[in-house]
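Q: I'd like to go over a predicted model; first the sequence, then the structure.
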Amino acid sequence: MGFVFGFVLSLSAILVSIISFLYKKLNGNNGNNRRLPPGNMGLPWIGETLAFYKAQLKNQLFEDFIKPRITRHGTVFKTRLMGSPTVVVSGVSANRFFLSNEFKLVVSSWPSTAVQLMGKDSIMEKIGERHHSVRGMITEVLSPSGLEHLVPKICKTVEEHLKTNWQGQDRITLFSSAKMQTFSVVMECLLGIDVEPGMLDMFERVLEGVFKPLIDLPGFPFWRAKKARLEIVEMLLNVVRKKREEMERGLGEKEEGMLVTQLIKGLIRGEISEVEVIDNMVLLVFAAHDTTSFAIAMICRMLASHPNSYTLLLQEHVKIMESKRPGETLTLEDTRKMNYTWQVARESLRMFPPIFGSFRKAIVDIQYEGFTIPKGWKVLWTAYGTHYDKDYFANPLSFNPSRFEEPIPPYAFIPFGGGPRICAGYQLAKLNILVFLHYMVTRYDWSLIQPDEPITMDPLPVPLHGMPIKISPKF
Ligand code: HEM
């Protein structure tokens with residue numbers, strides 16, 4: 001009897017040890033003394049992914065997923081997303097710590113589907129010296145002298161877009177329209193490619209697979225996206241090889257100042273491979289047009305519901321328009337006079353950041369605020385954590401462009417990220433927004449058809465019906 005009792009006791013002790021070991025393992029605690037952040041890791045592997053996706057689809061990631069967990073656990077909490085133990089961080093000091101320690105403590109970490117579709121040789125996958133060198137090629141084109149050349153080109157794309165798509169219409173969908181125009185800017189002004197029918201759709205199909213399950217079987221979104229990527233790569237390869245040949249024959253000078261020229265110069269000098277050129281071209285299209293078009297759409301939504309702001313903004317543009325001769329295009333100097341418009345744009349970017357936040361991966365064990373973030377874990381920073389914090393933005397739910405008259409503390413306003421990976425196209429996005437708004441408000445009266453149109457996320461935020469507006473020409 002005593003023997004049986006002893007045996008059962010030992011068996012129970014072994015079972016308890018195994019369960020405790022597995023529990024600790026699943027929750028990322030390997031038994032040493034490190035203190036992991038508080039939080040719930042959810043189910044094995046899947047963790048809290050479903051709740052995360054559900055909130056994301058409603059464009060309520062912060063409200064429905066992050067905020068309740070901050071209330072429960074604090075501004076540093078652990079969870080498990082898409083198979084990875086993840087620490088979600090919020091606040092200025094977290095933004096500064098994680099964004100500025102890129103390459104030292106963390107590296108950018110995108111889901112495998114995004115890497116395969118954007119290209120594993122694009123800037124987002126580069127680290128250290130290689131990142132610095134590729135980034136240098138991209139940002140050189142967006143230097144002040146590069147931007148001087150870009151303004152008239154952006155003006156041309158907006159004017160042509162309005163002529164083809166707005167003229168003669170009494171209603172259009174603003175988000176889709178801005179998407180087409182911003183797509184033309186990247187393709188024509190940066191990559192030297194004339195936009196042809198169906199091209200934007202091809203890129204859209206790739207985006208549809210970026211955050212979908214990695215199921216590479218016919219009919220699944222990832223499979224369709226990969227197929228579309230292959231078509232894009234083939235098209236870009238033809239462009240790059242033709243341009244390279246022209247440049248090696250001493251032609252192509254007229255395209256000086258274009259990003260594609262810069263990349264191909266690097267290719268000829270052997271500083272960048274053909275695969276890297278293609279992957280960066282693909283990435284730039286995505287990085288540039290979906291973000292900028294959503295920003296334009298949200299600015300207009302805010303202007304429509306804040307008539308006083310609209311009047312001030314319109315006055316700024318009418319003054320600039322009246323200072324020009326008929327047909328004279330805008331200059332970089334003109335865009336520098338659009339101070340109030342840029343305040344409106346920043347306030348909209350604060351309230352509706354096109355990029356919610358992004359993932360990093362710890363490359364060493366990180367000590368942060370008394371917690372250990374183990375090597376290999378993911379870190380998710382979000383713009384919302386500070387954009388809606390009343391300590392940095394008084395009355396954060398109200399639209400108040402003039403708050404940007406005062407300096408904003410570093411790392412509190414981060415729609416373009418921060419640190420070594422801060423948006424490389426920030427200046428281009430700014431110019432595109434300002435120029436688009438200039439032509440739109442000086443040439444058209446407009447009003448929203450569905451002021452309360454829901455915003456969904458797929459995988460970036462989009463107005464559900466493309467933001468229909470009524471338009472009528474002013475002259
Ligand atoms: C309103 C428009 C835009 C917003 C809100 C935006 C936002 C961002 C954010 C938040 C990041 C950092 C992502 C991270 O830290 O993981 C980023 C990176 C980047 N953006 Fe933008 N972006 C915009 C427009 C553009 C445009 C027009 C271009 C193209 C010229 C561009 C090119 C890039 C590139 C190449 C990176 C990667 C930089 C690196 O890894 O070093 N973006 N953007």
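A: Yep, that arrived. Since this is a predicted model, take the numbers as computed values, not measurements. Residues are numbered from 1 along each chain as shown.
Q: What pLDDT does the model give Lys67?
A: Per-residue pLDDT puts Lys67 at 94.
Q: Now for it, how many residues are close by?
A: Number of residues near Lys67 (other CB atoms under 10 Å) recorded here: 17. Just so you know, the C-beta spots here come from the backbone N, C-alpha and C atoms, and that holds for glycine as well.
Q: The one 10 residues further on now?
A: A count of nearby residues for Phe77, using other CB under 10 Å, gives 21.
Q: try Arg171
A: Applying other CB under 10 Å, I find that Arg171 has 14 neighbouring residues.
Q: Phe413 is in contact with Val92, correct?
A: No - counting by CB atoms under 8 Å, Val92 stays clear of Phe413, with 9.9 Å between them.
Q: Doesn't Val107 lie inside a strand?
A: Yes - membership of Val107 in a strand is supported by DSSP: H, G, I helix; E, B strand; the rest coil.
Q: Could you give the bridge partners of it?
A: Lys361 (DSSP bridges).
Q: Which one's more surrounded, Val92 and Phe413?
A: Of the pair Val92 and Phe413, Phe413 is the one with more neighbours under other CB under 10 Å, namely 23 against 18.
Q: so what's the closest residue to the more buried one other than its chain neighbours scoring on pLDDT?
A: Closest residue in space to Phe413, ignoring its immediate chain neighbours: Arg350 at 6.1 Å, by CB to CB, 6 or more residues apart in numbering. On the pLDDT scale, Arg350 is placed at 98.
Q: helices or strands next to the helix or strand in which Arg350 is found in the packing?
A: Using DSSP states H and E, Arg350 sits in helix 339-351. Helix 339-351 makes packing contacts with helix 274-305, helix 307-322, helix 426-443 when contacts are defined by 3 or more CB pairs under 8 Å, 6 or more residues apart in numbering; DSSP states H and E.
Q: Please give the centre-to-centre distance between that helix and its chain.
A: Centroid displacement of helix 339-351 relative to its chain, using CA atoms, centre = their mean, to the nearest Å, is 17 Å.
Q: How about stretch 178-189?
A: On CA atoms, centre = their mean, the centre of stretch 178-189 falls 16 Å from that of its chain.
Q: same check, this time on stretch 154-172
A: 26 Å.
Q: Can you give the contact residues for it?
A: Stretch 154-172 is contacted from outside by 177, 180-181, 184-185, 188-189, 329-330, 431-432, 435-436, 439-440, 443-444, 449, 468-473, using CB atoms under 8 Å, 6 or more residues apart in numbering.
Q: in that stretch, what counts as buried?
A: In terms of neighbour count (16 or more other CB atoms under 10 Å), stretch 154-172 has its buried residues at 154-158, 161-162, 166, 172.
Q: Stretch 138-150 too?
A: For stretch 138-150, the neighbour count (16+ other CB under 10 Å) marks 138-139, 141-142, 146-147, 150 as buried.
Q: between those residues, which is closest to Ile46?
A: Ile46 lies nearest to Ile138 out of these, by CB to CB, at 37.1 Å.
Q: Run a quick neighbour tally on Lys378.
A: The tally of other residues near Lys378 (other CB under 10 Å) stands at 21.
Q: That one pairs with what?
A: As for beta bridges, Lys378 partners with Thr86, Lys361 under DSSP bridges.
Q: List the contacts of it.
A: Counting by CB under 8 Å, 6+ apart, Lys378 touches 81, 84-87, 109, 359-362.
Q: how about 7 Å then?
A: By CB atoms under 7 Å, 6 or more residues apart in numbering, Lys378 lies in contact with 84, 86, 109, 359-361.
Q: ok, the spatially closest residue to Gly357 that is not a sequence neighbour - how many residues close by?
A: In space, and not counting its chain neighbours, Gly357 is closest to Thr382: 3.4 Å by CB to CB, 6+ apart. Neighbourhood size, Thr382 [other CB under 10 Å]: 22.
Q: thought Thr382 was touching Ile355?
A: No - applying CB atoms under 7 Å, one finds Thr382 not in contact with Ile355, separated by 9.6 Å.
Q: what residues does this structure put near the ligand?
A: Residues of the chain lying close to the ligand by CB under 6 Å from any ligand atom are 108, 123-124, 135, 138, 284, 287-288, 291-292, 295, 354-355, 358, 415-417, 421, 423-425, 428-429.
Q: Any quick ChimeraX command for the buried ones out of the residues you listed?
A: Listed next is the ChimeraX selection for buried residues among these, using 16+ other CB under 10 Å:
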select :108,123,124,135,138,284,287,288,291,292,295,354,355,358,415,416,417,421,423,424,425,428,429
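Q: gap between the two ends of stretch 393-408?
A: 9 Å (CA to CA, to the nearest Å).
Q: Quick one: residues in contact with that stretch.
A: Here stretch 393-408 has contacts from 302, 306, 309, 340, 343-344, 346-347, 350-351, 387-390, using CB under 7 Å, 6+ apart.
Q: Pull out the buried residues from it.
A: 393, 396, 399-401, 403-404.
Q: Now flag whichever of those is closest to Arg241.
A: Nearest member of these to Arg241, counting by CB to CB, is Phe404, at 45.6 Å.
Q: ok and the residue in the stretch 351-475 of the chain nearest the ligand?
A: Going by CB to the nearest ligand atom, the ligand is nearest to Gly425 of the stretch 351-475 of the chain, at 2.0 Å.
Q: Mind checking which of the buried residues of stretch 393-408 are in strands?
A: In strands, judged by DSSP state E, none of the buried residues of stretch 393-408 are found.
Q: so is Ile272 in a helix, a strand, or just coil?
A: coil.
Q: Not counting its neighbours along the chain, what's nearest it?
A: Nearest non-adjacent residue to Ile272 (CB to CB, 6+ apart): Gly266, at 4.1 Å.
Q: avg pLDDT for the one helix or strand Glu245 maps to?
A: Using DSSP H and E, Glu245 sits within helix 221-248. Average pLDDT, helix 221-248: 95.
Q: Next secondary structure element downstream of it?
A: Trace forward from helix 221-248 with DSSP H and E and the next one is helix 259-268.
Q: Pull out the CA atoms of that next one and give them to me as PDB.
A: Taking C-alpha atoms only, helix 259-268 is exported to PDB below (Å, rounded to 0.1, in the frame of the first residue of the first chain):
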ATOM      1  CA  LEU A 259      15.800  57.100 -58.400                       C
ATOM      2  CA  VAL A 260      16.100  54.300 -60.900                       C
ATOM      3  CA  THR A 261      19.100  56.000 -62.500                       C
ATOM      4  CA  GLN A 262      20.800  56.200 -59.100                       C
ATOM      5  CA  LEU A 263      20.200  52.500 -58.500                       C
ATOM      6  CA  ILE A 264      21.400  51.500 -62.000                       C
ATOM      7  CA  LYS A 265      24.600  53.600 -61.500                       C
ATOM      8  CA  GLY A 266      25.200  51.600 -58.400                       C
ATOM      9  CA  LEU A 267      24.500  48.400 -60.300                       C
ATOM     10  CA  ILE A 268      27.100  49.400 -63.000                       C
END
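Q: hmm, who's touching it?
A: Outside helix 259-268, the residues touching it (CB under 7 Å, 6+ apart) are 137-138, 140-141, 190-192, 240, 243-244, 247-248, 252, 255, 272, 274, 277, 280.
Q: Specify the angle between it and helix 426-443 in degrees.
A: 160 degrees (axes from the mean of the first three to the mean of the last three CA atoms, to 10 degrees).
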